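Novice: sequence and predicted structure below; questions after.
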Amino acid sequence: MADEGKRDYYAGPQAGDFAAASEPFGLFEAWFAEATAHEPNDANAFALATVDAAGLPNVRMVLLKGLDPVGHTGRGFVFFTNFESAKGVELLASQKAALNFHWKSLRRQVRIRGLASVVSDAEADAYFPTRPRGSRLGAWASQQSRPLESRFALEKAVALVTAKYPIGAIPRPPYWSGFRVAPLEIEFWHDRPFRLHERVAFRRSVPGEAWTKQRLYP
């Protein structure tokens, strides 16, 4: 590992954007825009953490597909999945989730904890046709998170679905939709020399409530 004192640090806004922000969504949108411009791959990727029935955590990478507009009290972070997958089952059961965006090129991360709810059918129906055709076919073919006997079995399932929908629209599977995570905590972290990092946390008790803001020791 390189000497911390010799690392190159991102030259964009650092402490100033923390000090000016009175709520977290505008700050997140500014950071996300910078990540989209600078991160080489999938700036919208984040780690999603859930817990199973025994309380054992699970974490995996998923893609952010929506952030509700400013002024919407129920706004949150939106992603889509198979409800019969491990994450789908766990989110439906607990209705809680944690997210972590890590933008290595900017040396920043955003940690989020909040309440998960299912998006409307209209939202899921509007998003599903925007996916690549192969991904839409895969949503029907894959029994996500369940045992797979062989790669051939998956390819056969894809072939069968492709034959069923050779052209035209592909309907959304009834078990495939999205979640919206309404945050109760959003923490912004910026890497600084010698591990004296910048950390600012926004917290509230329920969605729609005013945020409190607090700096944290690194």
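Specialist: Perfect, thanks for sending it.
Novice: quick one, helices of this structure?
Specialist: Along the chain, the stretches classed as helices by DSSP state H are 15-20, 24-38, 86-94, 121-127, 133-141, 151-164.
Novice: got JSON lines for those, with mean pLDDT and distance to residue 79 too?
Specialist: Yep, even glycine has a C-beta here, placed from its N, CA and C like the rest. Formatted as JSON lines, these follow (pLDDT from 0 to 100; distance: least, C-beta to C-beta, whole Å):
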{"stretch": "helix 15-20", "mean pLDDT": "65", "distance to residue 79": "25"}
{"stretch": "helix 24-38", "mean pLDDT": "93", "distance to residue 79": "14"}
{"stretch": "helix 86-94", "mean pLDDT": "97", "distance to residue 79": "9"}
{"stretch": "helix 121-127", "mean pLDDT": "96", "distance to residue 79": "10"}
{"stretch": "helix 133-141", "mean pLDDT": "96", "distance to residue 79": "14"}
{"stretch": "helix 151-164", "mean pLDDT": "94", "distance to residue 79": "23"}
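Novice: which of these sits closest to residue 218?
Specialist: Of all the helices of the chain, it is helix 15-20 that lies closest to residue 218, at 12.5 Å by C-beta to C-beta.
Novice: quick one: residue 51 and residue 91, what's the gap?
Specialist: Going from residue 51 to residue 91 by C-beta to C-beta, to the nearest Å gives 10 Å.
Novice: more neighbours: which of these two?
Specialist: Taking other C-beta atoms under 10 Å, residue 51 and residue 91 do not tie; residue 91 has more neighbours (22 against 16).
Novice: list the residues that contact the more buried one.
Specialist: Contact analysis of residue 91 by C-beta atoms under 8 Å, 6 or more residues apart in numbering lists 50, 97, 116, 179.
Novice: from the residues you listed, which ones fall inside strands?
Specialist: Counting by DSSP state E, these place 50, 97, 116, 179 in strands.
Novice: show me what contacts the closest residue to the second one other than its chain neighbours?
Specialist: By that I understand residue 97. Closest residue in space to residue 97, ignoring its immediate chain neighbours: residue 116 at 4.6 Å, by C-beta to C-beta, 6 or more residues apart in numbering. Residue 116 is in contact with 91, 94-97, 179-182, counting by C-beta under 8 Å, 6+ apart.
Novice: kindly state the beta-bridge partners for residue 116.
Specialist: residue 181 (DSSP bridges).
Novice: for this structure, what helix or strand is lowest in average pLDDT?
Specialist: helix 15-20 (a mean of 65; mean pLDDT, DSSP states H and E).
Novice: buried among the contacts of residue 91? Need that as a selection in ChimeraX.
Specialist: Entered in ChimeraX, the line below selects the buried ones among those, by 16 or more other C-beta atoms under 10 Å:
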select :50,97,116,179
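Novice: need the contacts of residue 91 in TSV with distance to residue 38 and pLDDT, can you?
Specialist: Shown next, in TSV, are these (distance: C-beta to C-beta, whole Å; pLDDT from 0 to 100):
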residue	distance to residue 38	pLDDT
50	29	98
97	26	98
116	29	96
179	28	97
